[in-house]
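**Student:** the following comprises the amino acid sequence and a computationally predicted model.
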Amino acid sequence: MSERETSVLLTGGAGFIGAATADALLADGHRVVILDDLSSGHTDTIPNEASFKRGGYGETGKVEELLRDGRIDVIVHCGAKSIVAEGDEHPNRYFANNVEGSLNLLNAACNVGVKRIVFASSAAVYGAPTLSTISEATPLVPVNTYGATKVTFELALRSFADAYKMQALSLRYFNVAGSTERVRERHTPETHLLPRLIRAVESGEPFSIYGNNYATPDGSALRDYVHVADVAAANLAAVNYLLRDDAPVGHTAVNIGSGVGTSVKQAVSAVERATKRTVNVEVQPRRAGDPPRLIADITRAVALLNWRPRQSETTRIIRSLID
C-alpha cells in the first residue's frame, strides 16, 4: 500500500502527544482524521491539514461512520484520561473511558473491517518493578488505576487481534516531555516533573522531592524522559510498520523511552543550569508505590520499528520547554 493512499484515524489528536503525532503523520504524507471530544485537548493544536471531528471514540455508531467515510487504514488511539491521582479517586470514570470507550472503538473497527491499530499505552503498566531496566517481558503489575486501565485494554487488544486477525501495536511510553515548535505541554493540572520544575524556578515556590534515600547514585528516583517529538516519530514508525505487506497478525508491545535514567536531582540541576536560577527544593518522605528507577529497554523498538530517540537528552528537552 503506497503512503499517499493511507488514511489514519487519530483519537486524542488535539492533545499533547496526539497533536505532535498528527504533525509527524502529515509530514510523512498520510491523510489524518482527528477525533477528539476536547475534554482536555485544544483546538489550536489541530493542524490545518488534518480533518477534525469533535466527538468521543466510545460512540460506536459515529466511529463506524467516520471509519467508513474516511476510508481509514490505521487507527492511532491516543485518546485517554491520564491523571493518575484523578484515576485513583474516580476509577469508575477511568475504566468507563479508557476501557469501555476503547472497547467500543475496537468493536467499531472490527465492524467496519479496519484491522490495524496503534495503541498509546504507558510504562504505568509495569507498576513498581525493581529491575535496572524494563523490557516488554517485565510482569504487568500496575499500582494505580490509570495503569490498570492500560493493562486491561492491552489484554483486550491482544485477544481481538488473535481472534479477528488484526495487526496491533501497544507502545508503552515512558515519561513524555518537551515541546515542539507547535505543540507544548498544557495539562490541567500539570503533573509532569520537568514543566513543574520550570514553573517552580520561575515562581520561586517550593518544589518537593519525594525521597532522597533510594538505592540510586544520588539517592533520588531515576526516570526515563522521552521527547514528545520522539514519541510522535515512534507512532509514525508504528503506522508505517503496520502498513507493510509483511506485518504480522497479532499484538506486540513495544517500549518507547530514551533508554537512559535521569534522577530527580539531576533534573533539578539541569533546570537550574538552563534558567540560571535556583530551585527552592524541599525533601519530603517517599510516596507509597514509587519505584527507585523506571528506565526502558528499547531494544525491541530499535529492531522492530527501526526507531531511536533523537531529541530525548534531558537538557534538550528542558530547553524545548523554556524556548
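**Tutor:** Alright, I've got the coordinates. Numbering: from 1, shown residues only.
**Student:** which SSE is the nearest residue to residue 218 once chain neighbours are set aside in?
**Tutor:** Closest residue to residue 218 apart from its sequence neighbours, by C-beta to C-beta, 6 or more residues apart in numbering: residue 265 at 4.8 Å. Quick note: C-beta positions are derived from backbone N, CA and C, even for glycine. Under the criterion of DSSP states H and E, residue 265 resides in helix 264-275.
**Student:** what's the spacing between the residue nearest to residue 218 and residue 124?
**Tutor:** To residue 124, residue 265 is 23 Å away according to C-beta to C-beta, to the nearest Å.
**Student:** residue contacts, the residue nearest to residue 218?
**Tutor:** With contact taken as C-beta atoms under 8 Å, 6 or more residues apart in numbering, residue 265 is in contact with 209, 212, 218-220.
**Student:** give me the buried subset of those residues.
**Tutor:** 209, 212, 219-220 (16 or more other C-beta atoms under 10 Å).
**Student:** residue 165: which of those is nearest?
**Tutor:** residue 220 (46.8 Å; C-beta to C-beta).
**Student:** was I right about that closest one contacting residue 261?
**Tutor:** No: with contact defined as C-beta atoms under 8 Å, residue 220 and residue 261 do not form a contacting pair (10.8 Å).
**Student:** so what pairs up with residue 31 in the strands?
**Tutor:** residue 7 (DSSP bridges).
**Student:** wait, doesn't it sit right on residue 8?
**Tutor:** Yes: the pair formed by residue 31 and residue 8 meets the contact definition of C-beta under 8 Å, at 7.0 Å.
**Student:** neighbour count for those two, which is higher?
**Tutor:** residue 8 (28 against 19; other C-beta atoms under 10 Å).
**Student:** pass me the low-pLDDT residue ranges in this structure, would you?
**Tutor:** Under the criterion pLDDT under 70, the flagged ranges of the chain are 1-4, 187-188.
**Student:** on that earlier part again, make CSV from the buried ones among the contacts of residue 265 and add distance to residue 317 and secondary structure to it.
**Tutor:** Formatted as CSV, the buried ones among the contacts of residue 265 follow (distance: C-beta to C-beta, whole Å; DSSP: H, G, I helix; E, B strand; the rest coil):
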residue, distance to residue 317, secondary structure
209, 19, strand
212, 23, coil
219, 23, coil
220, 18, coil
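**Student:** which of those sit farthest apart?
**Tutor:** 209 and 219 (9.4 Å).
**Student:** sorry, back to before: roughly how far is the next helix-or-strand element following the helix holding residue 265 from the heart of the chain?
**Tutor:** Downstream of helix 264-275, the next assigned helix or strand under DSSP H and E is strand 281-284. With C-alpha atoms, centre = their mean, to the nearest Å as the basis, strand 281-284 stands 28 Å off its chain's centre.
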